[in-house]
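[1] Return atomic coordinates for the entry below.
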Amino acid sequence: MGSIAGIDLGTTFSAVSVLDALGVPQIVANKDGTRLTPSAIFVKKDGSGCFVGESAVNSRKEYGCTDNCVRDIKRHMHESDYSENIMGHAYSPEEISAMILRKVAQGVDKIDNVVISVPALFGEAARSATMRAANLAGLNVVGIVNEPTAAALYYAKEKDIDGNVIIFDLGGGTFDVTAGIINGYDLEVKASSGSSHLGGRDFDQKLVDHFTEIYEKETGSPLYGEKSELAEIEDFAEEKKKDLSIKDSVNIRLRGTASTVRTSLKRSDFEEMISKDITKAMMCVETALDEAGWSTSDVDNVLLVGGSSRIPAFRNMLSDMFGMEPISSANVDECVALGASIYCGLRLMDENPASVPPGIAQALKSISLKEVTNKAFGTIAIGLDEHTRQDVRENAIIIKKNTRIPCSCCETFYTHVEGQQGIICTITQTDDNDATDPSLVRIVCTEDLELPLGLPYNAPIKVTYSYNSDGMMECVFCHEASNTVMELNIDTKSGNSGVEKKVSQKINTSKIIIE
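    Numbering: from 1, shown residues only. Alright, predicted model coming up:
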């Protein structure tokens, strides 16, 4: 029998975990013997193949060609038209991610079922792309899980933690903060916030900019001439960043295009460089608390996740904010992968219990998970302004942010004029009711629904949004009296895109895949 696995497809590093015979999650090393795999590829100059992982990171220096190396592709997963053009080939985010997934999974003899983790703030486009990447990698994906949720599952099962928790997940490229309640092995997610562009790679770049400025000021010459030299400086900056998490200061030797410059860097100077990022993270924590309806005194534990959570400035910020020391596992880089394999087992227990070995089933039977939506979803409707008594376009929220999932929410709207011939079925992704400002409303999709002739004014149109455990929605617009229906399915498990319509007895069915 193959493994029940979870994969953390990270911005900078990825990892895989499997459940052993007793349901205990275990990290599995890749074929290179390392527990963490750099999320990077390097295409050979002759186009004959590519390196993935540690060899890809090293090759950008060895071959002196950083343009052939792709890192941080996760930040582009939501961009359907994005590609990396290398040696005459355009690599999509899904293709690159599939290579990384295959590399990570190589250490496991056989994976029958796997869950892939994603940032809590990933929208439908990025989640869909992640699923397509897993399919390209030949993996049987039973679902996706939000990274903070996966980490909290691991903490709940492996650590003696109870009560209200804040999960502070700061990785290489993304940041999530989640408020949740742990009761025994049960986890209930209350709210999430964060940023898709905040992480260790951003801190590395600030150090690179700092070193470049110092060198040019001292010598009047550039720190590096070729991109291969920039690769060495990037790795050097990452090394010094890690050193500053355990030292108050580090010695710096910059060997550039003119001469060698020696200097030092204090931890306090580095913290000043990232001070805006620290403030941004604190604001996200405050947002999660506010949406959960908590104050800092309501929080029993703060859980650290992600490699960048080791930076003392963030730990100190959390200590000052909550009046307690945050808790970290033995390896904060591995929490998400470990929790993802637990989540995979839970999904199988729910959907196909016969596929779960007895030992694993026994270990997981007492665990439950209650997740919430990470976005608000609505539709554009015509409403009446109470002050002007004029008709106005508004974004009517159907599913509020932080609604427990799976869920089904229904609202009834009414035709605006007598004999109205159709409606525009619009799905929005925002928690702002103002539809007059296009910048505030993200339109997920729009379709026209033809109505029967002769409808009276105020004919009811029932709108139902159903949101499943993978964060995918089925949206139904229905005039029940005539059985006229428009169904919009945002399907992330399909590799196809477009709109498929079937008309039968005035029933229109449209299936869309959000790119």
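[2] Would you map the strands across the stretch 401-515 of the chain?
    If you assign secondary structure with DSSP state E, counting those that start in this stretch, the strands in the stretch 401-515 of the chain sit at 404-405, 407-414, 422-429, 443-450, 460-467, 473-479, 484-490, 500-504, 507-512.
[3] Isn't residue 465 up against residue 375?
    No - counting by C-beta atoms under 8 Å, no contact exists between residue 465 and residue 375, whose distance comes to 11.6 Å. All C-beta atoms are positioned from the backbone trio N, CA, C, and that covers glycine.
[4] Can you mark which positions in stretch 252-259 are buried?
    Using 16 or more other C-beta atoms under 10 Å as the test for burial, stretch 252-259 gives 252, 254-256.
[5] between the residues you listed, which is closest to residue 474?
    Ranking the buried residues of stretch 252-259 by separation from residue 474, with C-beta to C-beta as the measure, puts residue 252 on top at 55.9 Å.
[6] Let's verify the closest one: helix, strand, or coil?
    Secondary structure state of residue 252, per DSSP: H, G, I helix; E, B strand; the rest coil, is strand.
[7] I figured it hits residue 269, correct?
    No - Residue 252 is not in contact with residue 269 according to C-beta under 8 Å; the separation is 10.8 Å.
[8] among the strands of the stretch 401-515 of the chain, which is nearest residue 163?
    Sorting the strands of the stretch 401-515 of the chain by C-beta to C-beta, the top spot, which is the nearest, belongs to strand 404-405 at 18.8 Å.
[9] So in that sheet, which strands flank the closest one, and in what orientation?
    Taking DSSP bridges as the criterion, strand 404-405 forms sheet pairs with strand 368-372 (antiparallel).
[10] quick one, the next helix or strand after the partner strand and strand 407-414 angle?
    Toward the C-terminal end, the helix or strand that comes next after strand 368-372 (DSSP states H and E) is strand 377-384. Orientation check (axes from the mean of the first three to the mean of the last three C-alpha atoms, to 10 degrees): strand 377-384 against strand 407-414 gives 20 degrees.
[11] how about strand 377-384: buried residues?
    Those would be 377-381, for strand 377-384 by 16+ other C-beta under 10 Å.
[12] ok, now stretch 91-104?
    Neighbour-count burial for stretch 91-104, with 16+ other C-beta under 10 Å as criterion, is recorded at 91-101, 103-104.
[13] Export the buried residues of strand 377-384 to JSON lines and append columns for pLDDT.
    What follows is the buried residues of strand 377-384, written out as JSON lines (pLDDT from 0 to 100):
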{"residue": "377", "pLDDT": "88"}
{"residue": "378", "pLDDT": "90"}
{"residue": "379", "pLDDT": "91"}
{"residue": "380", "pLDDT": "88"}
{"residue": "381", "pLDDT": "87"}
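[14] Mind putting these into TSV with distance to residue 2?
    As requested, the buried residues of strand 377-384 are arranged in TSV below (distance: C-beta to C-beta, whole Å):
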residue	distance to residue 2
377	36
378	42
379	43
380	46
381	49
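[15] Could the C-alpha coordinates of stretch 259-272 be exported in PDB?
    Coordinates of each C-alpha in stretch 259-272 appear next as PDB, following Å, rounded to 0.1, in the frame of the first residue of the first chain:
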ATOM      1  CA  SER A 259      38.800  45.600  -4.000                       C
ATOM      2  CA  THR A 260      37.700  44.100  -0.700                       C
ATOM      3  CA  VAL A 261      35.600  46.000   1.800                       C
ATOM      4  CA  ARG A 262      35.400  44.900   5.400                       C
ATOM      5  CA  THR A 263      32.600  46.000   7.700                       C
ATOM      6  CA  SER A 264      30.200  44.700  10.200                       C
ATOM      7  CA  LEU A 265      26.400  44.600  10.600                       C
ATOM      8  CA  LYS A 266      24.500  44.700  13.900                       C
ATOM      9  CA  ARG A 267      21.200  42.900  14.400                       C
ATOM     10  CA  SER A 268      19.700  46.200  15.300                       C
ATOM     11  CA  ASP A 269      20.700  47.700  12.000                       C
ATOM     12  CA  PHE A 270      19.100  44.700  10.200                       C
ATOM     13  CA  GLU A 271      15.900  45.100  12.200                       C
ATOM     14  CA  GLU A 272      15.800  48.800  11.200                       C
END
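[16] that older thread, which one of the buried residues of stretch 252-259 is nearest to residue 358?
    residue 252 (56.7 Å).
[17] Please give the element, helix or strand, for the closest residue to that closest one other than its chain neighbours.
    Spatially, and ignoring its direct neighbours in sequence, residue 252 is nearest to residue 263 (4.8 Å; C-beta to C-beta, 6 or more residues apart in numbering). Following DSSP H and E, the helix or strand that holds residue 263 is strand 260-266.
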